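[1] return a 3D structure for these sequence lines:
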Amino acid sequence: MTDPIRFFLNDVEVSAEPGETIWQVADRQGIEIPHLCWLPKPGYRADGNCRACMVEIEGERVLAASCVRKPAPGIKVQTASERARFSRKMVFELLVGDQPTRAAAHDPNSRFWQWADALGVEDSRFPRHAPPAPDRSHPAMAVQLDACIQCNLCVRACREVQVNDVIGMAARGYHEKIIFDFDDPMGNSTCVACGECVQACPTGALMPASLVDANGVYANAPEREVESVCPYCGVGCQLTYRIRDDRIVAVDGRDGPANHNRLCVKGRFGFDYVAHPDRLTEPLLRKEGVSKHDIDIDPANPYTHFRKASWEEALDRAAAGLKRIRDRDGRRALAGFGSAKGSNEEAYLFQKLVRTGFGSNNVDHCTRLCHASSVAALMEGIGSGAVTAPFTAAADADVIIIIGARPTDNHPVAATFFKQAAKRGAKLIVMDPRGQVMARYATHMLRFKPARDVAMLNALLHTIIEEGLYDRQYVQAHTEDFEKLREHVRDYAPEKMAGTCGIEAGTLRHIARTYARGEAAIIFWGMGISQHVHGTDNARCLIALALVTGQIGRPGTGLHPLRGQNNVQGASDAGLIPMVYPDYQSVNDPKVRGSFEALWQAGLDDKPGLTVVEIMDAIHAGEINGMYIMGENPAMSDPDVTHAREALAKLEHLVVQDLFLTETAKYADVVLPASAWPEKDGTVTNTNRQVQLGRTALPLPGNARQDWWIIQEIARRIGLDWSYTHPRDVFAEMKLAMPSLNGITWERLEREHSVTYPCDSETEPGHDIVFGDGFPTASGRGRLVPAAIVPPAEEPDDEYPMVLTTGRQLEHWHTGAMTRRASVLDELEPEAVASFAPAELRRLGIAAGDRVRVTTRRGTIELKARSDSAVAPGQVFIPFCYAEAAANVLTNPQLDPFGKIPEFKFCAARVEPAVIAAE
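    Reported below is the predicted structural model:
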């Protein structure tokens, strides 16, 4: 049935759309009906078990639960009849009888108590039973089942919305209760601390631990709320800060286009870093005579090596050093690293400063260390470095490939959409050398040999082309160089590649057929694809798979590199890249360069600048003598980080702008205290191409300053006439430089919070799915680029027999500067670990928890061993966020020749017990 259903609601004729319930129709009409087990938020289904929403239907013997009852034509519904009101009051009186008293309520402002107040229920005639013991085993959440009404919202939140499958119901009758896993304490369960259950709970049975005291009594009641965006990964979750005494005491998810109210552990519980005692609140200058090789500095007490300075002195010193080197050694003797964790406006200003003030294109940021090879391949193949479809397009796909990505760790909210798609019946194909949680939902898990992606992907292309599974019409109309690709992949039959990639030929052929025959198939990939010397070739293969099958430009199809940091897409769009201006316009193109010279009223360098790793090499070569680093931490994030640290120590002049005295800031001559994300206004662009607005929620601590203001003050002191008064002024200029921002204004973002680019006008929504009718290339076609097998830069041997790979953890972000200062996150993962297959630990004679020494040709670190069946024998995985055991001491700085990205995901290593190794 598709026609509206006409019926009577409180004696007024109304219409219900197909599938709507009585409650939903009443809500549209502005009629309030109490509800507890029904949460009218995206992803939640009605259950009808609490009976708080009962309504009377004429002619029916019993009342109906309006949250699940759908109207029939002509029925007459009374939402506030005497029977309905009496029933509701009785339900609430019964429930109040099993609640703590209002004075001792865990959340006296919960939805339960708000409805009880509305119904006039203050107490209960029924005796209270002995309450169950509270569970405070989790550092982030308080479990207080004396307030539980068994509405099952937390179960649905966990199983159906976040799809984590931790919470369930156990026992029967009076003894029935919610449990975690097999009735484990929450802190000992497999809970990933997304907090969806906390946000869903209507009574206070599940609460953020920050909002109750040790006895479970409500404390730290928020005084105000501010809407913003999460500052961690590229998903771009919208959220609400709940604030008391200018401190964030809790965070809720909002219904943003990327998260639909969902958050992960970092977004919900990772915000007290802004108030950490290590925060920089005064400008610092290195003391005279203190060597840059002496970095044994306590971030909480930098005054052993630095002294406080006024802003005037610090800015004068910072700018004078940069200006001196530029004027003495030439414009290419300076370089700058901007930040993917700041705003678009800050990224734009920073690259403009380097290009117009320093005089070169030596500007880069962390995209060089994550998806530079993906962007290189996408620009080459389809003329755009952004995704062709959002990750929410998984809802429309019947085949989903996830390769070289661990979304449950790195993009947890995006992972919920993939898991939901798999539960609905989509075929989920996961490809990764390591096992992962997503394999639980996959139809196929291909654990191929590390760094053998091209062999596997070419075998898929061979099958598709050889068996005629490619889309001939699409190939003819929208691609070029197909015959070159066809000829190239002739030599990559699955039977020949099986031994190389470690996947059986029959499986390879089945996967190829499944993808090619899908009505709508989409590919997601992560840094397991990009962080190789052949990363660009990996991405070329994925692009070819989508192009030859026509799986692009339609709902449920496309190519999506899952971007890492919250604004790595936006920072790249804004020009924090050495070879392109904003919107990826080439610095080599005289016409493009001329337009930017006219806009910026400055002459510009005609040569591409150096990338992150190349800049460190240039410092060692004596070609770069000064740097300005804003919000980046190359002393932790660069490969072969000892080499990078030696470069930083060698610099004549280093200016660092950051929140904390990071490992990089310890090498600085001038340290400038900056603003954290909750302390600023600005836009960010997530992995879905959604431009979103962040708003100031907290005052700056001490004498810290806004990042855009600091950049401008340095620009003025080196000779630039800048006069921005607010980030909106910068955004207005960005629109002149960036066609991608057409249709998006600051005022629109203030109203709508998020707008997707490209956008045709200020009154129309942006395009989630792009390239349905061609590509922004010279020919309008997608280019098919063959990729040959390129071995890793370093293979295991007798001396270094294992493969080391690095990455992130769910609880920590990037180099840990923020998350290791977030109390909950650091309590969940407090120390550095190296993960091994259980069989590998037995072979090495090492027990989980023992200290091990991991050595490569570049260095050695010591840390604890962890048993992890997801890691294959012969491999070791180390997260790179721990300064005390920096994984990048070990990694190989060899670069992909196209994307200039280091090979973080593969190098040869040796592992031995630390005690034995020390003898």
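
[2] all helices of the stretch 701-850 of the chain, in order?
    Ranges of helices in the stretch 701-850 of the chain, per DSSP state H, counting those that start in this stretch, are 707-717, 727-737, 746-752, 823-828, 838-844.

[3] for Tyr232, find the nearest of those.
    Closest approach to Tyr232 among the helices of the stretch 701-850 of the chain (CB to CB): helix 823-828, 10.1 Å. The C-beta positions use only the backbone N, C-alpha and C, and glycine is treated the same way.

[4] which elements pack onto that closest one?
    The contact analysis (3 or more CB pairs under 8 Å, 6 or more residues apart in numbering; DSSP states H and E) places helix 823-828 against helix 265-269.

[5] how about the helix it packs on as PDB, C-alpha atoms only?
    What follows is helix 265-269, C-alpha atoms only, in PDB (Å, rounded to 0.1, in the frame of the first residue of the first chain):
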ATOM      1  CA  VAL A 265      34.700   5.900  22.600                       C
ATOM      2  CA  LYS A 266      37.000   8.800  21.500                       C
ATOM      3  CA  GLY A 267      34.200  11.000  20.400                       C
ATOM      4  CA  ARG A 268      32.100  10.400  23.600                       C
ATOM      5  CA  PHE A 269      34.700  10.100  26.300                       C
END
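
[6] next structured bit after it?
    Using DSSP states H and E, the helix or strand that follows helix 265-269 towards the C-terminus is strand 284-286.

[7] contacting residues around that next one?
    The contact list for strand 284-286, computed with CB atoms under 8 Å, 6 or more residues apart in numbering, reads 292, 302, 305-309, 313-314, 317, 661, 668-671, 673.

[8] re the thing from before, among the helices of the stretch 701-850 of the chain, which is the most enclosed?
    Greatest average neighbour count among the helices of the stretch 701-850 of the chain goes to helix 707-717 (a mean of 22), per mean count of other CB atoms under 10 Å.

[9] that older thread, need the helices of the stretch 701-850 of the chain in JSON lines (columns: mean pLDDT and distance to Gln162).
    Output for the helices of the stretch 701-850 of the chain, formatted as JSON lines (pLDDT from 0 to 100; distance: least, CB to CB, whole Å):
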{"stretch": "helix 707-717", "mean pLDDT": "98", "distance to Gln162": "33"}
{"stretch": "helix 727-737", "mean pLDDT": "97", "distance to Gln162": "33"}
{"stretch": "helix 746-752", "mean pLDDT": "97", "distance to Gln162": "26"}
{"stretch": "helix 823-828", "mean pLDDT": "95", "distance to Gln162": "17"}
{"stretch": "helix 838-844", "mean pLDDT": "95", "distance to Gln162": "28"}
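
[10] reformat those helices into CSV and put distance to Glu632 next to each item.
    Formatted as CSV, the helices of the stretch 701-850 of the chain follow (distance: least, CB to CB, whole Å):
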stretch, distance to Glu632
helix 707-717, 12
helix 727-737, 20
helix 746-752, 26
helix 823-828, 21
helix 838-844, 34
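
[11] and these: which comes nearest His534?
    helix 838-844 (25.7 Å).

[12] that's a helix at Arg645, yeah?
    Yes - counting by DSSP: H, G, I helix; E, B strand; the rest coil, Arg645 is located in a helix.

[13] could you report the distance from it to Tyr303?
    Distance, Arg645 to Tyr303, by CB to CB, to the nearest Å: 22 Å.

[14] looking at the two, which one has more neighbours?
    Arg645 (25 against 12; other CB atoms under 10 Å).

[15] wait, the more buried one sits on Asn633?
    No - checked against CB atoms under 8 Å, the pair Arg645 and Asn633 is beyond contact range at 11.1 Å.

[16] which residues do the two both contact?
    Glu663.

[17] mind listing what's buried in stretch 718-729?
    By 16 or more other CB atoms under 10 Å, the buried positions in stretch 718-729 come out as 718, 720, 722, 724, 727-728.

[18] can I get the CA coordinates of it in PDB?
    Presented in PDB, the C-alpha positions along stretch 718-729 are these (Å, rounded to 0.1, in the frame of the first residue of the first chain):
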ATOM      1  CA  ILE A 718      57.400  38.600   7.900                       C
ATOM      2  CA  GLY A 719      55.900  41.300   5.600                       C
ATOM      3  CA  LEU A 720      52.400  40.200   4.700                       C
ATOM      4  CA  ASP A 721      49.500  42.700   5.000                       C
ATOM      5  CA  TRP A 722      46.800  40.400   6.500                       C
ATOM      6  CA  SER A 723      43.700  41.700   8.300                       C
ATOM      7  CA  TYR A 724      41.300  38.800   8.900                       C
ATOM      8  CA  THR A 725      39.100  39.400  11.900                       C
ATOM      9  CA  HIS A 726      37.300  36.000  12.200                       C
ATOM     10  CA  PRO A 727      37.500  32.500  10.500                       C
ATOM     11  CA  ARG A 728      34.400  33.500   8.400                       C
ATOM     12  CA  ASP A 729      36.600  36.100   6.700                       C
END
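
[19] what lies in contact with it?
    319, 322-323, 326, 343, 345-346, 349, 353, 356-358, 680-683, 708, 712, 715-716, 730, 746.

[20] likewise for stretch 113-124?
    Taking CB under 8 Å, 6+ apart as the rule, stretch 113-124 contacts 32, 34-36, 52, 85, 88-89, 92-94, 96-97, 102, 105, 107.

[21] and stretch 908-917, by the same measure?
    794-797, 799-804, 834, 836, 844-846, 850-857, 862, 876, 890.

[22] picking up where we left off before, show me the contacts of stretch 718-729 that map onto strands.
    Here DSSP state E is the test, and the contacts of stretch 718-729 give 682-683 as lying in strands.

[23] kindly supply the ChimeraX command isolating those of the contacts of stretch 718-729 that are buried.
    Buried residues among those (16+ other CB under 10 Å), as a ChimeraX selection:
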select :319,322,323,326,343,345,346,349,353,356,357,358,680,681,682,683,708,712,715,730,746
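
[24] chain center to the strand of greatest length in the chain: distance?
    For the chain, the strand with the greatest residue count under DSSP E is strand 859-867. The chain centroid and the centroid of strand 859-867 are separated by 26 Å under CA atoms, centre = their mean, to the nearest Å.

[25] what's near enough to touch the nearest residue to Ala104 once chain neighbours are set aside?
    Nearest non-adjacent residue to Ala104, counting by CB to CB, 6 or more residues apart in numbering: Val217, 6.0 Å away. Contact partners of Val217, counting by CB under 8 Å, 6+ apart, are 104-106.

[26] and if you look at Arg563?
    So Arg563 contacts 234, 370-371, 387, 569, 686-687 (CB under 8 Å, 6+ apart).

[27] again with Val235
    Contacts of Val235 by CB under 8 Å, 6+ apart are 258-259, 391, 411-414, 686-687.

[28] buried sites along the longest helix along the chain?
    Taking DSSP state H as the criterion, the chain has its longest helix at helix 311-329. By 16+ other CB under 10 Å, the buried positions in helix 311-329 come out as 311, 314-319, 321-323, 325-326, 329.

[29] one more: stretch 159-172?
    159-164, 166-168.

[30] looking at this, Gly216 is in a helix?
    No - Gly216: not assigned to a helix; according to three-state DSSP it is coil.

[31] not counting its neighbours along the chain, what's nearest it?
    According to CB to CB, 6+ apart, the nearest residue to Gly216 is Gln144 (4.9 Å).

[32] kindly report the same for Arg51.
    Val91 (5.1 Å).

[33] same question for Ile619.
    Nearest to Ile619 is Ala647, by CB to CB, 6+ apart, at 4.0 Å.

[34] quick one: contacts for the one you found?
    616-617, 619-620.

[35] repeat that for 7 Å
    616, 619-620 (CB atoms under 7 Å, 6 or more residues apart in numbering).

[36] for His814, see how far away it is.
    Taking CB to CB, one finds Ala647 at 20 Å from His814.

[37] can you flag the buried ones in the contacts of stretch 908-917?
    Buried among those (16+ other CB under 10 Å): 794, 796, 800, 802-804, 834, 836, 844, 846, 851-856, 862, 876, 890.

[38] restricted to strands, list those residues.
    802-804, 834, 836, 851-856, 862, 876.

[39] between the residues you listed, which is closest to Asp396?
    Using CB to CB, those come closest to Asp396 at Val803, 37.0 Å.
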